[in-house]
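# Have a look at this fold, sequence not included:
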Ligand code: AMP
C-alpha cells in the first residue's frame, strides 16, 4: 500500500509514520530525514539545502522530486511505502503521479496554536531521530535520550521565527494539495490532536474501510 501523510508541520506525521511502519511493514520515507542526514554527513546535497532547512523554506522542487524518484526505485518499496513530507507542492504531487499510484492520502488536521505548542517543545535524539516533547512526552532525565543517554537537540527550524515561516509556507504551498487529492477522492481527514496511539487506531480503521 502506497500512503502519503499530509498535514501541517508538527501534526505528528513523523511519530505516526514510525508506528504505522511497524503495523504495515513498509518503509517510512521522510524527505526531511533524508535532507537532515545529508546535512549531518556533509554531502553536496546537504551543503546545498542546509540554509533552506534552517530558515523553514522549501528545497526546490526539481531537487526534491529527483531525490524521491531515486528513493522509490529501491527494492524495499515493492510492497508499499509511507511518504512523510512529500509531496509538499502541487508540482511535486503531479510528479509523484507519474511515478506511482497512491492508495491513500492521510490528512492530519491540527490548528495553528497546537502546531506552535508542539513544535516549540519538540526535542530529538540526534543519532536515532527519536522524538520527545518537553511537556507531553519528556525523557526520563531532562535533556537526555532514554536509550543512548546523548543530549537531546532542538531542530533549528523548530525555533519561533522558522516555525512562523514554515506555517506560512504550509498555507501557501502545501495546503492546496488537500483540494488536489479531494478531487482524486483518495484523501482521508484525521484529527491529529489526540495521543499518537489514538491517532494510529483512527488511521488503521480508515485504511481498512
Ligand atoms: P520535515 O522534517 O518534513 O518537517 O522537513 C524539514 C524541512 O525539509 C522542510 O522545512 C523543508 O525545508 C525540507 N523539505 C522536506 N520535505 C520537502 C519537500 N517535499 N519539498 C521541499 N522541501 C522539503
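Received the coordinates, thanks. Everything quoted here is computed from the prediction, not taken from an experiment.
# ok, then the element right after the helix or strand harbouring residue 177?
Element membership for residue 177, per DSSP states H and E: helix 176-184. Downstream of helix 176-184, the first helix or strand assigned by DSSP H and E is strand 187-191.
# That following strand to helix 176-184, inter-axis angle?
On the basis of axes from the mean of the first three to the mean of the last three Cα atoms, to 10 degrees, strand 187-191 is oriented at 130 degrees to helix 176-184.
# from now on call the first residue 38
Renumbered: residue one is now 38, and that last one reads strand 224-228.
# which parts of the next helix or strand after strand 224-228 are buried?
The helix or strand immediately downstream of strand 224-228 is helix 233-245, counting by DSSP H and E. Going by neighbour count (16 or more other Cβ atoms under 10 Å), the buried part of helix 233-245 is 233, 236-237, 239-240, 244. No exception for glycine: its C-beta is placed from N, CA and C like everyone else's.
# Over to stretch 94-113?
Neighbour-count burial for stretch 94-113 flags 94-96, 98, 101-102, 104-105, 108-109 (criterion: 16+ other Cβ under 10 Å).
# Same question for stretch 61-79.
Residues of stretch 61-79 classed as buried by neighbour count (16+ other Cβ under 10 Å): 61, 63-69, 71-73, 75-76.
# residue of the chain with the smallest distance to the ligand?
For the chain and the ligand, the shortest gap (Cβ to the nearest ligand atom) falls at residue 69, measuring 2.0 Å.
# Apart from its neighbours in sequence, what residue is nearest that residue?
Leaving aside its sequence neighbours, residue 69 sits nearest to residue 122 (Cβ to Cβ, 6 or more residues apart in numbering; 4.7 Å).
# Can you give me the neighbour number for the one you found?
Residues near residue 122, counting by other Cβ atoms under 10 Å, number 23.
# At the contact with the ligand, which residues of this protein appear?
46, 68-69, 72, 89-90, 93-96, 101, 122-123, 125, 129, 194, 203 (Cβ under 6 Å from any ligand atom).
# again, only this time at 8 Å
46, 50-51, 67-70, 72-73, 86, 89-90, 92-98, 100-101, 105, 121-126, 129, 192, 194, 203, 206 (Cβ under 8 Å from any ligand atom).
# Where helices are concerned, which of those residues count?
50-51, 68-70, 72-73, 86, 89-90, 92, 98, 100-101, 105, 129, 203, 206 (DSSP state H).
# The closest residue to residue 91 other than its chain neighbours and residue 156: what is the separation?
Closest residue to residue 91 apart from its sequence neighbours, by Cβ to Cβ, 6+ apart: residue 193 at 4.3 Å. Residue 193 sits 12 Å away from residue 156 when distances are taken as Cβ to Cβ, to the nearest Å.
# Who has more neighbours out of these two?
Comparing residue 193 with residue 156 by other Cβ under 10 Å, the one with more neighbours is residue 156, at 23 against 15.
# Going by neighbour count, which residues of the helix or strand that one falls within are buried?
Per DSSP H and E, residue 156 falls inside helix 149-157. Using 16+ other Cβ under 10 Å as the test for burial, helix 149-157 gives 152-156.
# So which residues make contact with that helix?
Helix 149-157 is contacted from outside by 45-49, 147, 170, 173, 195-197, 200, 203-204, 230, using Cβ atoms under 8 Å, 6 or more residues apart in numbering.
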